[in-house]
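**Q** my questions concern the predicted model and sequence given below.
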Amino acid sequence: MTAAGGALDASLIEPERRRFRAIPAPLLPATIMMIILLVAPLAVLLSYSVLEVNGAAVEGGISFATFGRLLSSRYFWFLFGRTFAIALGVTLLCLVIGYPIAFLITRVHGWLRAVILVAVAAPLLTSGIIRAFAWIVILGKQGLVNFALTSTGLVDEPVSLLFQVRSVVIGMTQLLLPFMVIPLISAIQDVPAETTHAARNLGASEFRIFWRVLIPQTVPGAAAGITLVFALGYSEFTLAMLLGGGSFNYLSIYIYDSMTSLLDWGRGAAAAALLLASSLLTVVILNLVVRRLTRWSRQIN
Amino acid sequence: MEIVLTGVAKSYGDQPALYPLDLTVKEGEFVTLLGPSGCGKTTLLRIIAGFVTPNQGRVYLGDTDITDRPANRREVGLLFQSYALFPHMTVAQNVAFGLKVRRLSKRRLAEQVERMLDLVSMSEYAGRYPKQLSGGQQQRVALARILAIEPKVLLLDEPLSALDRQLRIQMQLELARLIAEVGITTMFVTHDQEEALTMSDRIAVMDRGTIAQYDTPGEVYDHPSSEFVASFIGRSNLIKGQVVPGGAAGGAQFRFGPHSLPLRADAARGAAGLADGAEPPEAAGGRAATSGIGHREGGTAGERTLLVRPDHLELLPATATAGLPGTVATFQDLGEAFIYGVDVADGPQLTVRVPRGRSEGLLAVGTPVRVALNEAAAEWLIPAPADSRVGAS
C-alpha cells in the first residue's frame, strides 16, 4: 500500500483530484473521428478568418482586417440583429405553443398520446428540403392556408405568406417544436404530484396550483428546450433560404453566399466565427440566468 | 374538532378497499390508523382529506358534512410522507403559501409565518430552500406550513416511514409534543405498531378494509379482540386449546395437548372483576369468578385461542418442576433481550423473551428447558369470533 517511509502512492489519489484525466480507451475511436470530421475542418475554416485572404486564396499571415471589415459594416450588424431576433422569436413561439402540447401529452395515454407525439416529431422524419417545399405549398397563394381563409370568407384576397420573415418564422417554429416539447414533457413529469396535492390541501385554486406550483418547477427542464431551440434556430440554413425567398437574408445564408457565389472565403469564415462565438455566448448567458433562477434545485452545502 | 365517519365505504371497480365503517375521533384526540399494506388506512385518510371520494357514507367535521366538498375547501391539513415542500420556494414562502391563498394582510401574514416557524424551531432557516434542509427539518417546515392555516384537523400519512430508526424515534417524540401543544385533533397513519403504541390516544387496527379493533394502546396490546390484532401488535404466542372449568380455587384451566395452564379470573372480557364495567357475575356456588370465561349467552367453552405475550413467560432449568418441558429451537439476540423459540414437548413452539440482565448468557439450540408463566403474566383469551367487537365509537 504505502511505500516504506510513509509516502503516499500517487495512484491512491482519487481521480477527481488529478489535473488531467486520460481518455478511456473505448472512447478513442469516437474521439479521433470527432477530431478528423469536426474539429479539423472547423479549425481550417476559422483559420481563414484570421489570415490575409484574397477571394479563396490565402495570401498572407495573421490579419484581423476581415473582422474589421465585417464589424464596421452596418449591413452586417443589421443581419446579425435580425438573425438573433428571429431565433429569439421562434424560441418564444416554441415555448408558448410547446407548453400546452407537452401538458396535453402528459395527460393523455395510449394511442392518442402516440399520435400527438408522432405529429410533433414528424418534421424530424423528413429532409430539410422536403419540409421547406411542403411549407411552400401550404403557404402559397393557392395553398392550404389561403384556401381556408378565402373559401370561408375570412379574407377577400389570398394573403401573402411566402418568402418573407413570417414564412421563415412559421417554418422554423414547426421544425424546432419537438426540441422544446420533448424536454418539457420530462420536466412536467418530474414535478412530484404530491406538491400539487399539498397545494390543493392548503386551499389553492387550480389556477394558482398551475402557475405557482407546477410551472415554476418545470423551469429547469424548460431551460434545456430553450437552449436547444435557440441554438438550432440561430444557425438554421435550409429553411431560411428556401422559405425566405430571394430577398431574405440570414447569417447562415450570408456565409453560404460568401463561400459559394462570392468566393470571399475570408468574409465567410469571419462571419462563421462570429456566428459560432455569439451562439456560444448566448447559450452561456442563458444558462447562467437559468442557473440563478433555479438555485433551489441544486444541493447547496 | 371531531371527525365523524358514518357508513363510509370505497371500492375500486369491483375491488373493495374499505367496507362500510363508522369512526369517531373526539376533539383533541390523537388517533392512529394502524395496519399492514393494503388494509385501507391510507384510503380512509384520503377520504377525509378529500382526495378520494367514497362510494357510500358521509364525512363530518364537527357538525358540518364535508363529504361533497372538494379537497381545497376542507379545513383539514394533510402531511404527506414525502412532505411535499415546494422546492422552488424558501421555507418562509412555503409556510406562507396557505396564508397567501386566504389573502391575509402582509403584516398579519408575516406575523403568522414567524409564529409558526418559532413553534417548530425553524426561525433561522426562513430563507433556506428545502433542498438545503435535513429530513427532520423538512418535516418541521411541512408541519408549520399546515398549522399556519389553522386547520380543524391534522392528518398525517406515514410521515416517519422514510426516516432511519434513531431519527424516527426522536421525531415521534417531537411530533407528539408539538401536536399536544397545539391541541389539534389528529389522525395518523402508520404500519409501525411501535409508533402507534407510543403516540396515540386510541388506535384503530385495520385489516383488509375493516376496523378490527378501536381502543387505547393498552387495551389493544393487553386485550386484543382477534388473532389478527394480537399478532399484529407486539410478539405473541397464540395457543389453540380448550377452556375447561375447574381446577384450583374455582378457576378454569386452558387445556392444549397434554398440557394445561391455569387461567386467571380476568383472562377474558365479561369475566368478573374486569375493569370495563362488566355485569356482576352470576352467583353460582363459589364459581362466580369464572362465570364469564368461555361462556357467552348460551355458548359453551369450545375451541379457543389463548394469547400469552413472550415477556410473560420465563425459562427455567430442565430440572425445575414448574412449567412445561421443552427444547430451545431458535434464538435471536436483540441486544436488550434474547428471543427464544422453545419447542414444547407435545405442544406448540413458544416464543419467550428474556431480558439480557436476567439471563446468564445465550442458551444454545437443543438445550432442554422448562417454560413457565412468570408473576407478571396476564394471559388473554381471544374472544370467539361471535363475540368480537365490530364498529368503533
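**A** Alright, I've got the coordinates.

**Q** against residue B:106, how distant is the closest residue to residue B:29 other than its chain neighbours?
**A** The spatially closest residue to residue B:29, leaving aside those adjacent along the chain, is residue B:201, at 4.8 Å (C-beta to C-beta, 6 or more residues apart in numbering or on different chains). All C-beta atoms are positioned from the backbone trio N, CA, C, and that covers glycine. Computed with C-beta to C-beta, to the nearest Å, the distance linking residue B:201 and residue B:106 is 39 Å.

**Q** got it, and residue B:51?
**A** Plainly put, residue B:51 is 32 Å away from residue B:106 if you go by C-beta to C-beta.

**Q** also residue B:312?
**A** Taking C-beta to C-beta, one finds residue B:312 at 62 Å from residue B:106.

**Q** likewise for residue A:24?
**A** Applying C-beta to C-beta to residue A:24 and residue B:106 gives a distance of 57 Å.

**Q** near residue 205, how many other residues are there?
**A** All of this refers to chain A. 12 (other C-beta atoms under 10 Å in any protein chain shown).

**Q** my bad, chain B
**A** For residue B:205, the neighbour count with other C-beta under 10 Å is 28.

**Q** what helix or strand is residue A:28 on?
**A** Residue A:28 belongs to helix A:28-34 when assigned by DSSP states H and E.

**Q** counting neighbours, which bits of the very next helix or strand once past that helix end up buried?
**A** Towards the C-terminus, the helix or strand next in line after helix A:28-34, according to DSSP H and E, is helix A:40-47. Of the residues in helix A:40-47, those scored as buried under the neighbour-count criterion (16 or more other C-beta atoms under 10 Å in any protein chain shown) are residue A:45.

**Q** name the helices or strands packed onto helix A:40-47?
**A** On a contact count with 3 or more C-beta pairs under 8 Å, 6 or more residues apart in numbering or on different chains; DSSP states H and E, helix A:40-47 meets helix A:265-293.

**Q** how far does the strand ranked longest in chain A sit from the chain's center?
**A** If you go by DSSP state E, chain A has its longest strand at strand A:57-62. In this view, strand A:57-62 has its centroid 34 Å away from the chain centroid, taken as C-alpha atoms, centre = their mean, to the nearest Å.

**Q** in whichever helix or strand comes after it, which residues are buried?
**A** Taking DSSP H and E as the definition, the helix or strand that follows strand A:57-62 towards the C-terminus is helix A:65-71. Applying a neighbour-count criterion of 16+ other C-beta under 10 Å, the buried positions in helix A:65-71 are A:66, A:67, A:70.

**Q** alpha carbons of helix A:65-71, as PDB, please.
**A** As requested, the backbone C-alpha atoms of helix A:65-71 are provided in PDB (Å, rounded to 0.1, in the frame of the first residue of the first chain):
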ATOM      1  CA  ALA A  65      -8.600  43.000 -41.500                       C
ATOM      2  CA  THR A  66     -11.500  40.800 -42.400                       C
ATOM      3  CA  PHE A  67     -13.000  41.100 -38.900                       C
ATOM      4  CA  GLY A  68     -12.600  44.800 -39.100                       C
ATOM      5  CA  ARG A  69     -14.400  44.900 -42.400                       C
ATOM      6  CA  LEU A  70     -17.300  42.900 -41.100                       C
ATOM      7  CA  LEU A  71     -17.700  44.600 -37.800                       C
END
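
**Q** packing partners for it?
**A** Checked by 3+ C-beta pairs under 8 Å, 6+ apart, helix A:65-71 has helix A:265-293 packed alongside it.

**Q** how far does the helix it packs on sit from its chain's centre?
**A** Computed by C-alpha atoms, centre = their mean, the chain-centroid distance of helix A:265-293 equals 11 Å.

**Q** could you give the average pLDDT over that helix?
**A** The predicted model assigns helix A:265-293 a mean pLDDT of 89.

**Q** for that helix, packing partners?
**A** Secondary elements touching helix A:265-293 (3+ C-beta pairs under 8 Å, 6+ apart): helix A:40-47, strand A:51-54, helix A:65-71, helix A:74-107, helix A:215-235, helix A:251-260.

**Q** now the fifth one against helix A:74-107, angle please.
**A** Meaning helix A:215-235. An angle of 140 degrees separates the directions of helix A:215-235 and helix A:74-107 when computed by axes from the mean of the first three to the mean of the last three C-alpha atoms, to 10 degrees.

**Q** go on, the last one?
**A** Helix A:251-260 runs at 130 degrees relative to helix A:74-107, counting by the same axes, to 10 degrees.

**Q** ok, residues contacting helix A:251-260?
**A** Residues from elsewhere that reach helix A:251-260, judged by C-beta atoms under 8 Å, 6 or more residues apart in numbering or on different chains: A:76, A:79-80, A:83, A:234-237, A:240-241, A:244, A:264-265, A:267-268, A:271-272, A:275.

**Q** just to revisit the earlier point, compare residue B:201 and residue B:106 (neighbour count), which wins?
**A** residue B:201 (14 against 7).

**Q** got the contact list for the more buried one?
**A** Under the contact definition (C-beta under 8 Å, 6+ apart), the residues listed for residue B:201 are B:29, B:30, B:31, B:216.

**Q** for burial, what's the neighbour tally of residue B:356?
**A** Summarising burial for residue B:356: neighbours were counted as other C-beta under 10 Å, giving 13.

**Q** which helix or strand contains the residue lying closest to residue B:104 once chain neighbours are set aside?
**A** The shortest distance from residue B:104 to any non-neighbouring residue, by C-beta to C-beta, 6+ apart, is to residue B:112 (6.9 Å). Assigned by DSSP H and E, residue B:112 belongs to helix B:106-119.

**Q** could you do residue B:376 as well?
**A** Applying DSSP H and E as the criterion places residue B:376 outside every helix and strand.

**Q** can you count the residues close to the residue lying closest to it once chain neighbours are set aside?
**A** Spatially, and ignoring its direct neighbours in sequence, residue B:376 is nearest to residue B:312 (6.1 Å; C-beta to C-beta, 6+ apart). Counted by other C-beta under 10 Å, the residues lying close to residue B:312 total 19.
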